[in-house]
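Trainee: fold the stuff below for me.
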Amino acid sequence: MARLTSGVDEVKVLLEILKRIPYDRKISSTELLNMLNNSGISIIRRRLQRYLKAIVDNDCGVECDDSEKPFGYRKIRTVAGLETLSLDSNAKLLLNLAREHLKYQIPTEVSTSLDYLFEEGREAASSNSPTDRWIDKVAVVSSSIPMIPPKILPRIFNTVSEGLFEGKQLEITYRKIDGELKKVLVNPLGLVQQAVRLYLVCKYVSSDSIRHLALHRMEQVELTTFVAEKPANFNLKRYVKEHHFNYGKGKQIELVIEFTNAITARNLQETPFNRTQKIEEIKPGLYQLRVQMEDSVLLDGWIATWKEEGQFTKIEKTEIEQ
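Mentor: The predicted model follows:
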């Protein structure tokens, strides 16, 4: 996490605070503290409260409701453009598509640090003009059954992020799937989202094997002073692609599917599995898909989902020798 070390840093954090104070609702210092920490800005509560008092006292367009605790902060006018985002309609649309996509993917405790990005979009949505209510015209349809994300403690996410950012080893107290508590010292390698779960990809200090630890099962994470060691030639994106993460079966196959639904052929041509895919009409009304890919439970699920509607008449998997 970035730490405040100079006057320039203080100016930066003041701007970050201003970005996150909304117009349409009050926000508490605790909410702001969590949003800043989740964004990688390390600041203690007392210092944040001092900054908030300075912002309110120095006519920066922010008011404080101190009629009850916790105090609430809200913007009352735009501040000289430095802390605000000026977005065109295209950017607003993409941001709100992202917001809808993340709604059931990332825990609220983590995603609130991005709230300020969507502030301008929410302002437009509150307008009475029908042409301004474009935000109501954005929706995302999930390709899987929606699930509620597991709860991740902000302090856990913050420390894991700090370990990855600073390249330091982490000492993790982790509850295994069978309920057993285990304390491990790990070299953090990357953060991976799979459906609604967030995993830390890491290597135990005492082992060479790569592990995946779910953040919601972590009960305590401590940042150490030891420099994390990264395996030679390790690349997170390549690792996830080659191992299909937690869903892979560990082997490459050639998949052959024959089917009679012309719409399925069109859909697969528009969105192929990969560049090895070939589709041909082997005889009138009968199509053949041929592709090399990793065998996985995701592939089995896709076949089960589309077998009837796609009118599959033949499904064949042949393992490819490595």
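Trainee: residues of the strand of greatest length in the chain that come out buried?
Mentor: Taking DSSP state E as the assignment, the strand of the chain that covers the most residues is strand 181-194. Neighbour-count burial for strand 181-194, counted by 16 or more other C-beta atoms under 10 Å, picks out Val184, Val186, Asn187, Pro188, Leu189, Gly190, Leu191, Val192. From N, CA and C alone the C-beta is placed, and that goes for glycine too.
Trainee: OK, contacts around the second one?
Mentor: Going back to what we said before, that points to Val186. Taking C-beta atoms under 8 Å, 6 or more residues apart in numbering as the criterion, Val186 is in contact with Gln169, Leu170, Glu171, Ile172, Leu200, Cys202, Lys203, Tyr204, Val205, Arg211, Leu213.
Trainee: partners of the host helix or strand of Tyr199 in the sheet?
Mentor: Per DSSP states H and E, Tyr199 falls inside strand 197-204. Strand pairing for strand 197-204, using DSSP bridges, gives strand 181-194 (antiparallel), strand 210-214 (antiparallel).
Trainee: can you give me the mean pLDDT across the last one?
Mentor: Taken as a whole, strand 210-214 has a mean pLDDT of 91.
Trainee: orientation of the helix or strand following it relative to strand 197-204 in degrees?
Mentor: Toward the C-terminal end, the helix or strand that comes next after strand 210-214 (DSSP H and E) is strand 218-227. Angle between the axes of strand 218-227 and strand 197-204 is 40 degrees (criterion: axes from the mean of the first three to the mean of the last three C-alpha atoms, to 10 degrees).
Trainee: could you list the low-pLDDT ranges of the stretch 201-322 of the chain?
Mentor: Low-confidence regions of the stretch 201-322 of the chain, defined here as pLDDT under 70, cover residues 243-250, 322.
Trainee: give me that answer again for 80
Mentor: 241-250, 322 (pLDDT under 80).
Trainee: tell me where it has strands.
Mentor: For the stretch 201-322 of the chain, the strands identified by DSSP state E, counting those that start in this stretch occupy 210-214, 218-227, 248-259, 278-283, 286-296, 312-319, in order along the chain.
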